[in-house]
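[1] Mind folding the following:
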Amino acid sequence: MKSSKSKKSDINEISTNIINTELSIIEKEYISQFNEKELKAYNIAKSYLGSSFHLIKSNGFIEWAKK
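    Here you go, the predicted structure:
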């Protein structure tokens, strides 16, 4: 039988996976509306900034999410 600490850890992991999946869907929806120039800028930013690039923290995404 799993300990309550292990159960909480499992629940946290499942919650994180659900949130990440939902974000991924929203991010894909946002990216799909890019024109050619925006897509090129996005790919350059992602490539240059690597793991420090967060689409959901970008000004463009924030403005788009408000709509």
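
[2] and the gap between I62 and E36?
    Per C-beta to C-beta, to the nearest Å, I62 is found 22 Å from E36. Bear in mind the C-beta positions are built from the backbone N, C-alpha and C, glycine included.

[3] Please identify which of those two sits among more neighbours.
    Neighbours per residue (other C-beta atoms under 10 Å) separate I62 from E36, with I62 holding more: 10 against 7.

[4] Excluding chain neighbours, what is closest to that one?
    I56 (8.0 Å; C-beta to C-beta, 6 or more residues apart in numbering).

[5] wait, doesn't that neighbour sit right on S24?
    No - with contact defined as C-beta atoms under 8 Å, I56 and S24 do not form a contacting pair (10.4 Å).

[6] Is there a neighbour count for I26? I'd like the number.
    15.

[7] Quickly note the distance from it to L39.
    Relative to L39, I26 is positioned 17 Å away (C-beta to C-beta).

[8] cool, S32 as well?
    Going from S32 to L39 by C-beta to C-beta gives 10 Å.

[9] the more surrounded of those two?
    Using other C-beta under 10 Å as the criterion, S32 and L39 rank with L39 on top: 13 against 8.

[10] In contact with that one, which residues?
    I31 (C-beta atoms under 8 Å, 6 or more residues apart in numbering).

[11] continuing past the helix or strand that it is a member of, what's the next helix or strand?
    Per DSSP states H and E: L39 is located in helix 36-49. Moving toward the C-terminus from helix 36-49, the next helix or strand (DSSP H and E) is helix 59-66.

[12] in that next one, what counts as buried?
    F61 (16 or more other C-beta atoms under 10 Å).

[13] ok, residues contacting that helix?
    Outside helix 59-66, the residues within contact range by C-beta under 8 Å, 6+ apart are 26-27, 30, 33, 38, 55-56.

[14] Make a PyMOL selection of the buried ones in those residues.
    Applied in PyMOL, the following selects the buried portion of the contacts of helix 59-66 according to 16+ other C-beta under 10 Å:
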select buried, resi 30
